[in-house]
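> here is my input, please return the structure:
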Amino acid sequence: MQDEGEMREFWSEFLEAVSSARAELGNPKTVWYRGHSGKEWGLLPTLYRLPSGIDGLAHEREAFLEFKRMATRLFDRRHSDWETLFDMQHYWVPTRLLDWSEVLGIAVAFILHNDYDQVQDSALFVLDPVGLNGLSGISEVKSIPDDSGFDYRAIYWDKKPFAPNHPIAASPPMQTDRVFAQRGVFTVHGNNPRALEDQCPQVVRRVVLKKEAKVAAREFLEHANLDEYSIYPDIVGMARHLRRKVFKC
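Numbers count the residues shown, from 1 in each chain. Here you go, the predicted model:
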């Protein structure tokens, strides 16, 4: 059994590794974070990691149009296709989006809220989003849907005015409580089916969060008030928070 000092030492080592990762990227002004409970998992959107034999891209258009048709009675009117795509991502329909956060603590919370047993090492990804977009000749993070020249259907279905190969970093509207609470941002995968870290290793770093650090990490989240209800401010998040608070599971 580890003592408290050892656990905090592992947590401190993790924070130092995050600082080192940022330094390796050149200490960019804008940094995004994403947490994976499994340290070996790559940066691939759900559309690219469906069960074997299912071509997600071949079904992308059908899924989008069917969701948009059926969701008209469930949501307020959306003003762009991007907003519909964000809704799909929110409700776990496979898309070419990957969720990131502007806040390190929230990315750590994503790791721990999905790793109840704490028996495995996990991973935090540190991304330079401006550097990522520079690989596609874009000088800044795309603000959507404000950027009228960055149209979802035209670019990703019709390949006009260009066919993106690398993922592109984009900042969405705060149209849901979750996106607002999570300081959510996204990368949009292009034509290349490989994981982002394999395509663009110069703009992303992986930092391992060792299982021995997770008790101290949970203590940090508690002090920062980053529980399930604060990050998922709806009935689902409230129920998950209640379960952990009362039943400790």
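> could you pull up phi and psi at the residue nearest the centre of the chain?
For the chain, the residue nearest the mean C-alpha position is Asp99 (2.2 Å; CA atoms, centre = their mean). In terms of degrees, to the nearest 10, the main-chain angles of Asp99 are phi -80, psi 140.
> repeat for His79
phi -100, psi 0.
> surely Thr84 forms part of a helix?
Yes: assessed with DSSP: H, G, I helix; E, B strand; the rest coil, Thr84 lies in a helix.
> from His189, how far off is it?
17 Å (CB to CB, to the nearest Å). Glycine gets a C-beta too; all of them are placed from N, C-alpha and C.
> check Ser37 too.
Ser37 sits 21 Å away from His189, going by CB to CB.
> ok, now Gly131?
Gly131 sits 17 Å away from His189, going by CB to CB.
> looking at these two, which one has more neighbours?
Shown here are Gly131 and His189; by other CB atoms under 10 Å, His189 has more neighbours (27 against 17).
> can you tell me the closest non-neighbouring residue to that one?
Excluding its sequence neighbours, the residue lying closest to His189 (CB to CB, 6 or more residues apart in numbering) is Arg96, at 4.3 Å.
> ditto for Glu140
Val130 (6.2 Å).
> so for the one you found, what's the pLDDT?
pLDDT, Val130: 98.
> could I get the CA-only coordinates of the helix or strand containing it as CSV?
Per DSSP states H and E, Val130 falls inside helix 129-134. Below are the C-alpha coordinates for helix 129-134, written out as CSV (Å, rounded to 0.1, in the frame of the first residue of the first chain):
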residue,chain,number,x,y,z
PRO,A,129,-4.0,23.5,-32.1
VAL,A,130,-2.6,26.5,-34.0
GLY,A,131,0.4,24.4,-35.0
LEU,A,132,-1.9,21.6,-36.1
ASN,A,133,-3.8,24.0,-38.4
GLY,A,134,-0.6,25.4,-39.8
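> same for it, what does it pack against?
Applying 3 or more CB pairs under 8 Å, 6 or more residues apart in numbering; DSSP states H and E, we find helix 129-134 packed against strand 168-171, strand 184-188.
> ok, now with 6 Å
Applying 3 or more CB pairs under 6 Å, 6 or more residues apart in numbering; DSSP states H and E, one finds that helix 129-134 contacts strand 168-171.
> average model confidence for the strand it packs on?
95.
> outside of it, which residues touch it?
129, 132-133, 136, 141-144, 185-188 (CB atoms under 6 Å, 6 or more residues apart in numbering).
> show the buried residues in these.
Using 16 or more other CB atoms under 10 Å as the burial test, those include 129, 132-133, 136, 141-142, 144, 185-188 as buried.
> got those as TSV, with distance to Pro172 columns?
Listed next are these as TSV, based on distance: CB to CB, whole Å:
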residue	distance to Pro172
Pro129	13
Leu132	16
Asn133	15
Ser136	18
Val141	11
Lys142	10
Ile144	6
Val185	7
Phe186	6
Thr187	11
Val188	10
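> nearest to Leu57, of these?
Nearest to Leu57 among the buried ones among the contacts of strand 168-171 is Val188, at 13.1 Å by CB to CB.
> nothing else from me, thank you.
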